[in-house]
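1. Give me a 3D structure for the following:
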Amino acid sequence: MDNLGEQTVYVLSDSVGETAELVARAAISQFERNAGVVQVERIPFISSVKKVDDALRRVVNSNHTMVIYTLVVPSVKRYLEQRCEEEGIRTVDIMGPIMSGLKEVLGTEPREEPGIIHRMDERYFQRVAAVEFAVKYDDGKDPRGFLEADVVLVGVSRTSKTPVCMYLAHREIKAANYPLVPEVEVPKELHQVKGRVIGLTITAQQLQQIRRQRIRRLGLNPSSHYSDLNRIRQELQHADEVFSSLGCPVVEVTSRAVEETATTVLEIMRKGEWISE
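-> Next up is the predicted model:
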């Protein structure tokens, strides 16, 4: 292939144009050795035929160029295609074929609204708030947060409390957690919200393996008190006593992925009518 010197690919979008630019750059990377310098110029917010004309004034003055676009408003899309054909500019429609295929499969019409994927709707802000809540009240940092939580997970160290809380947060659920230690009395707030508490438990053998792996990663002594099997059994017995005093449901997390544990927690919350989905 002849080296054409510097070339420009224009990305036109009725939103910010990130999707089309990513696709363009991924494709260009396959030609980098042979095609010389290929520039990508993004022209966002093409929402009318006037903006199409404004954009094409820049495009027609470039040599060795093409237009990649993601436009969903039919009239604007048709106008762009017509003008590019008149000017002899090659075009590639990224969204069109996918939307046509989905239309056939789903049997429904697309909304044809630009920028839907980037809208910060109410659920987005609820998700952000839930993530912030999970971070703020992780590991029993402030038991007063339990009073505001949708669910409080309790269990000994390394029973997946934090990752499960983060998973739930991405489902707009405010989840806090508290680590159970035999030498520390549980806070009064746990008893105040015991109808929203779920216990997490695990076999002593697997917990020992998990803790030993963590200790090795930290470069500490593998025979630490933290991973001693008798100590672990003591902690789990204490946890069982706390679960019993709270009257809370208990989820077995042995050999379970975080997603599986979180799904079980969600099912308990639905059955108890803590949440509705």
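2. all helices for the stretch 1-150 of the chain, in order.
-> With DSSP state H, counting those that start in this stretch as the criterion, the stretch 1-150 of the chain has helices at 18-28, 49-59, 74-87, 95-106, 122-136.
3. so Val59 makes contact with Tyr10?
-> Yes - at 5.2 Å, Val59 counts as touching Tyr10 under the criterion of CB atoms under 8 Å. C-beta coordinates here come from the backbone N, C-alpha and C atoms, glycine included.
4. Can you work out which residues contact both of those two?
-> By the contact definition CB atoms under 8 Å, 6 or more residues apart in numbering, Val59 and Tyr10 are jointly contacted by Thr65, Val67.
5. okay, the two: which has more neighbours?
-> Neighbours were counted for Val59 and for Tyr10 using other CB atoms under 10 Å; Tyr10 has more, 24 against 19.
6. Sketch out the low-pLDDT regions of the stretch 151-277 of the chain for me.
-> Within the stretch 151-277 of the chain, the ranges that satisfy pLDDT under 70 run 276-277.
7. Quick check: the gap between the closest residue to Met95 other than its chain neighbours and Phe125.
-> Among residues not flanking Met95 along the chain, Thr70 sits closest, at 4.7 Å (CB to CB, 6 or more residues apart in numbering). Thr70 sits 26 Å away from Phe125, going by CB to CB, to the nearest Å.
8. Also Ala262?
-> Distance of Ala262 to Phe125, given as CB to CB: 21 Å.
9. Ok, Val73 next?
-> Distance from Val73 to Phe125, counting by CB to CB: 27 Å.
10. Same question for Arg231.
-> Taking CB to CB, one finds Arg231 at 43 Å from Phe125.
11. More neighbours: these two, which one.
-> The neighbour count for Arg231 versus Phe125, taken as other CB under 10 Å, is higher for Arg231 (16 against 11).
12. isn't Gln7 right up against Val40?
-> No - counting by CB under 8 Å, Val40 is not a contact partner of Gln7; they are 10.0 Å apart.
13. Okay, domains of the protein per the record?
-> Following automatic domain parsing, the chain resolves into domains at 7-118, 122-271.
14. Of the ones you listed, flag the one that's most buried.
-> The highest average neighbour count among the domains of the chain, using mean count of other CB atoms under 10 Å, belongs to domain 122-271 at a mean of 17.
15. gap between the two ends of that domain?
-> 25 Å (CA to CA, to the nearest Å).
16. Distance from it to the middle of the chain?
-> Relative to its parent chain, domain 122-271 has a centroid offset of 21 Å by CA atoms, centre = their mean, to the nearest Å.
17. Strands of the stretch 101-250 of the chain, start to end?
-> With DSSP state E, counting those that start in this stretch, the ranges of strands along the stretch 101-250 of the chain come out as 151-155, 175-179, 197-201, 250-252.
18. for those strands, which one sits closest to Cys165?
-> Nearest to Cys165 among these is strand 175-179 (4.0 Å), distances taken as CB to CB.
19. and the closest one, which strands flank it?
-> Strand 175-179 pairs in its sheet with strand 151-155 (parallel), by DSSP bridges.
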